[in-house]
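A.B. asks: what's the 3D shape of this:
(2 chains)
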2 protein chains.
Amino acid sequence: VSVVGVIGGGQLARMMIPAAVNLGLDIAVFAETDNSSARIGATYAGDYTDLSQLLSFAATVDVVTFDHEHVPVAHLEALQAQGTPVFPPPRALALTHNKIVMRRALAEIGVPQPRWSVATQATRDEALGEVGGFPFIAKLPVGGYDGKGVRLVTQWEDLDDWWSTGEVLFEEAVDFTREIAQLSARRPSGHWVPWAAVETRQEGGVCATVLCPAPGFSQAAHDKARDIARRIAEAYEVVGVLAVELFETREGGLLVNELAMRPHNSGHVLTEQAITSQFEQHLRAVADYPLGSTELQRPAGVMVNVFGDASITRYRDAAEEFPEVKFHSYQKAPRPGRKAGHLVATGDDMDTVFDTAVSAWSMVEHGKA
Amino acid sequence: VSVVGVIGGGQLARMMIPAAVNLGLDIAVFAETDNSSARIGATYAGDYTDLSQLLSFAATVDVVTFDHEHVPVAHLEALQAQGTPVFPPPRALALTHNKIVMRRALAEIGVPQPRWSVATQATRDEALGEVGGFPFIAKLPVGGYDGKGVRLVTQWEDLDDWWSTGEVLFEEAVDFTREIAQLSARRPSGHWVPWAAVETRQEGGVCATVLCPAPGFSQAAHDKARDIARRIAEAYEVVGVLAVELFETREGGLLVNELAMRPHNSGHVLTEQAITSQFEQHLRAVADYPLGSTELQRPAGVMVNVFGDASITRYRDAAEEFPEVKFHSYQKAPRPGRKAGHLVATGDDMDTVFDTAVSAWSMVEHGKA
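C.D. replies: Model (predicted):
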């Protein structure tokens, strides 16, 4: 493999570019617009739902991978039929396209997950019983992300506008103490490597802060998280990075919440903290190149997302005040609530690192005191 | 500043690209060919000695900096006159264009350097006396690098073919114990930050191995190296990275050997080892953005250059065997003796890290045992 093609020009494709440059791979990004976040690596701007455009892009690269999971499976199979390897393979990616498909697949391999059921307006009462009654979580099977397409349901009226869309996934409202993400990567040959599990803290359904490694997460808990990730990766022959989002319950159980088969927001902290970043590992995996060490170089790391505006101008004061913090900008046009960048602090002590990261974030958000 | 223009498409420009992507700066590279090492960032391929091409490139960027020091000073002054800031400024860069100019400039600010003199065929005997007689080092003032244009002279016949080129720089053959490089960076505002000094080991006049920090280099020695670098940076208002190559003498003295005003081979180890790489710091400085922390994240780092062929294919076995080593490829066409990539190992103990780096290099060079 010498040219890796990436479909989607968002920040995940953008952050694959430094890894490609260091490794010595060419990268070609199929972006949506001329001014995408990944524009420096873009070789094509077009519509990824148009198969003919995808096919002509794929002819210019040695392998195709993704910035997002929105490409239809039938299109991916057409690329494979044309002779371009697609990683992760369509069969694995299909799990991320539809949350009901994912729940069924995880049930098949016996991975622990919240109680769930599939409901239509006609079967809703039976489905309600299977998830333990109100309140519960309802999800649209397709198209949700960052809290969109997900609702806490306390009464049937909360779902009135969803029944016309078809089946709805019901999940028990897990009484979790915190959320954990387990990232790992797998090569086509089967070699699989995990990173340390991280704790993710959400605000309004959106990942806001990540602590690496997850504080107080025991070796036994790490083993359990890794076992879940490995079983999913192997059963569905995932290639590339697999992010498994987990609920940690009061009893110390781990239940799968969501999956992503690409670099993931919860892994951004690894760029500074681990020997091998998730972006480099993803490229190594899809290029079938040996995987790098996932050892952490510093004992503590914290990532905080920056929303709205993460321009270099907005970062200036905080960059002056916190020279040890790494500020990332995705060069997206500022828009309220938009994930626009992130910052990472690393060090020896989690409390100190957390304070530094949050103080730096606060200065970005609110300006100098 | 939102677009940084880089003249020259070699590996130094290439390695500025990851830093630009992370910082959120656009980078535009004026390359020599369509297939340059920095091609993913190239916006123009042409001839940097042609002022009209430089002027039209400069009109597309907010500041101009360099991958190499070969652009004529008059051209740089023309860019400034057109309104594009040039960093480092032409007056500073001039020191790297001509080794005689550099020696005079360093003498003016009283920085310690080897005894030196300027010779023509007519004045060679007097010049010989000033550097202590045979053997001594002769250098062509312009155009030498990586051991080219430098000779150890043991008899006048060694210089027969050089006199027709004009003045020759004579330098005493310093009885040094090892070579040190002191990297630092300066902003237009004057803020200046050094990294730890490194030890550089040459083979055949070419930098081969770098140890960071320089083993056994005392705090007093670090202070001395930093003082030299700071004085040069301030006196000539350097902006960007300044690399000062030094001889360490038997008596513990430090004498300036060479200067570079751009990221330098001796600083590649910092990409993995320091909070802020030399490439990121160079961009921060030329964009007049706050400088980042130069703290080392791990106590020991070793960089080894890879010559000839540093393709991902050639690295494969070593990458499999040494997952903790970072292999860099410049994606240059393989050619014997050509600097094609490098590798870096970091860790807690210099002896272990050195062994790892050299073993990995040896596997790249000689294949699996």
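A.B. asks: Show me the strands in the stretch 51-200 of chain A, by range?
C.D. replies: Counting by DSSP state E, counting those that start in this stretch, the stretch 51-200 of chain A has strands at residues A:63-66, A:116-119, A:136-139, A:150-153, A:168-172, A:176-186, A:192-194, A:198-203.
A.B. asks: Quick one: check stretch A:211-227 for contact with chain B.
C.D. replies: No: using CB under 8 Å from any CB of the partner chain, stretch A:211-227 never reaches chain B; the gap is at least 14.6 Å. Using the backbone N, CA and C atoms, a C-beta is placed for each residue, glycine as well.
A.B. asks: buried set for that stretch?
C.D. replies: Residues of stretch A:211-227 classed as buried: A:211, A:212, A:213, A:214, A:217, A:221, A:222, A:224, A:225, A:226 (neighbour count, 16 or more other CB atoms under 10 Å in any protein chain shown).
A.B. asks: could you redo the strands of the stretch 51-200 of chain A as a markdown table and give each row distance to chain B and mean pLDDT?
C.D. replies: Formatted as a markdown table, those follow (distance: least, CB to the nearest CB, whole Å; pLDDT from 0 to 100):
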| stretch | distance to chain B | mean pLDDT |
| --- | --- | --- |
| strand A:63-66 | 13 | 98 |
| strand A:116-119 | 38 | 98 |
| strand A:136-139 | 34 | 97 |
| strand A:150-153 | 30 | 95 |
| strand A:168-172 | 37 | 98 |
| strand A:176-186 | 12 | 97 |
| strand A:192-194 | 8 | 98 |
| strand A:198-203 | 19 | 92 |
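A.B. asks: on that earlier part again, in helices only, show me the buried residues of stretch A:211-227.
C.D. replies: Those of these mapping onto helices are A:221, A:222, A:224, A:225, A:226, per DSSP state H.
A.B. asks: Pick out whichever of these sits closest to chain B.
C.D. replies: Nearest to chain B among those is residue A:226, at 17.1 Å by CB to the nearest CB.
A.B. asks: for chain B, what are the nearby residues on the stretch 151-300 of chain A?
C.D. replies: By CB under 8 Å from any CB, the residues of the stretch 151-300 of chain A that approach chain B are A:275, A:276, A:287, A:289, A:290, A:291, A:292, A:293, A:295, A:297, A:298.
A.B. asks: number of nearby residues for the third one?
C.D. replies: One way to gauge burial is a neighbour count; for residue A:287, by other CB atoms under 10 Å in any protein chain shown, it gives 24.
A.B. asks: is it true that it touches residue A:6?
C.D. replies: No: Residue A:287 is beyond contact range of residue A:6, at 11.9 Å (criterion: CB atoms under 8 Å).
A.B. asks: circling back: of the strands of the stretch 51-200 of chain A, which approaches residue B:129 most closely?
C.D. replies: Within these, the stretch nearest residue B:129 is strand A:192-194; the backing value is 64.6 Å (CB to CB).
A.B. asks: Now do that closest one: distance to the chain's middle.
C.D. replies: Here strand A:192-194 is found 16 Å from its chain centre; the criterion is CA atoms, centre = their mean, to the nearest Å.
A.B. asks: Tell me which strands it pairs with, and in which orientation.
C.D. replies: Strand pairing for strand A:192-194, using DSSP bridges, gives strand A:176-186 (antiparallel).
A.B. asks: any idea how far chain B is from the most centrally placed residue in chain A?
C.D. replies: Central residue of chain A (CA atoms, centre = their mean): residue A:264, 2.8 Å from the mean position. Distance, residue A:264 to chain B, using CB to the nearest CB, to the nearest Å: 18 Å.
A.B. asks: Could you do residue A:12 as well?
C.D. replies: Taking CB to the nearest CB, one finds residue A:12 at 12 Å from chain B.
A.B. asks: go on, residue A:105?
C.D. replies: To chain B, residue A:105 is 30 Å away according to CB to the nearest CB.
A.B. asks: Make sure that residue is actually in contact with residue A:236.
C.D. replies: Yes: at 6.8 Å, residue A:105 counts as touching residue A:236 under the criterion of CB under 8 Å.
A.B. asks: need the contact list for residue A:288.
C.D. replies: Applying CB atoms under 8 Å, 6 or more residues apart in numbering or on different chains, we find residue A:288 in contact with A:1, A:187, A:188, A:189.
A.B. asks: Sounds good, over and out.
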